[in-house]
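K.L.:
Sequence first, predicted coordinates after that:
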Amino acid sequence: MSHTVITTTSASDGFFHAGYCRTIPGLLKVSQMVALLIAFLCVHCAHGWPSWAAFQFFEVVSVWFLVALLIFFLMHLFRLQAKMPCINWPLTEFFHYSVGTVLVLIASIVAVVKSGGVSALVAASVFGFIAAFLMAVSLWTSYSVSCGPQQTGATV
């Protein structure tokens, strides 16, 4: 009996993984970045802040997690996590999403309470809530990857 081994290669085997943008985690990261960018721009361009400290906190949180998401997105897009195996990347992303979800949610709650009826600040808090929800979804999916049940090859 003869056995034939067929190997296939895809176009995404190289340095750049363009297909990541079409996956669920890639789409979640892009939508989180867009929501956080819109939230930041709404706060940054608004005039007449009723509470200076609350909206500065919102700006800092939204920019910080926007930059962190951009770094994680680029790491996946250029497959850089394979070049740095000393870091547990799924656990790092899980930690990022857990802290990010809580801080963006707190910043959005503070922003909606302190908005004073300024429509740009209300819009910023709405996009903050959207980003917090999307981060919670990413937290749930990253939890199943990093902390879920592990498959073993041994059978009893």
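P.N.:
Here it is on my side, so go on. Numbers count the residues shown, from 1 in each chain.
K.L.:
Give me the next element, helix or strand, following the helix or strand hosting Val61.
P.N.:
Assigned by DSSP states H and E, Val61 falls within helix 52-77. The helix or strand immediately downstream of helix 52-77 is helix 89-113, counting by DSSP H and E.
K.L.:
How about Ala68: what's its closest non-neighbour residue?
P.N.:
In this structure, Ala68 finds its nearest non-sequential neighbour in His96, 5.9 Å apart by Cβ to Cβ, 6 or more residues apart in numbering. All C-beta spots, glycine's among them, are computed from the backbone N, C-alpha and C.
K.L.:
I meant to write Ser142 there.
P.N.:
The nearest residue in space to Ser142 (Cβ to Cβ, 6+ apart) is Phe94, at 4.6 Å.
K.L.:
Go ahead and confirm that neighbour touches Ser138.
P.N.:
No - the criterion here is Cβ atoms under 8 Å, and Phe94 misses it with Ser138 at 9.2 Å.
K.L.:
Mind checking which of the two has more residues around it?
P.N.:
Neighbour totals were compared for Phe94 and Ser138, and Ser138 leads with 24 against 20 (other Cβ atoms under 10 Å).
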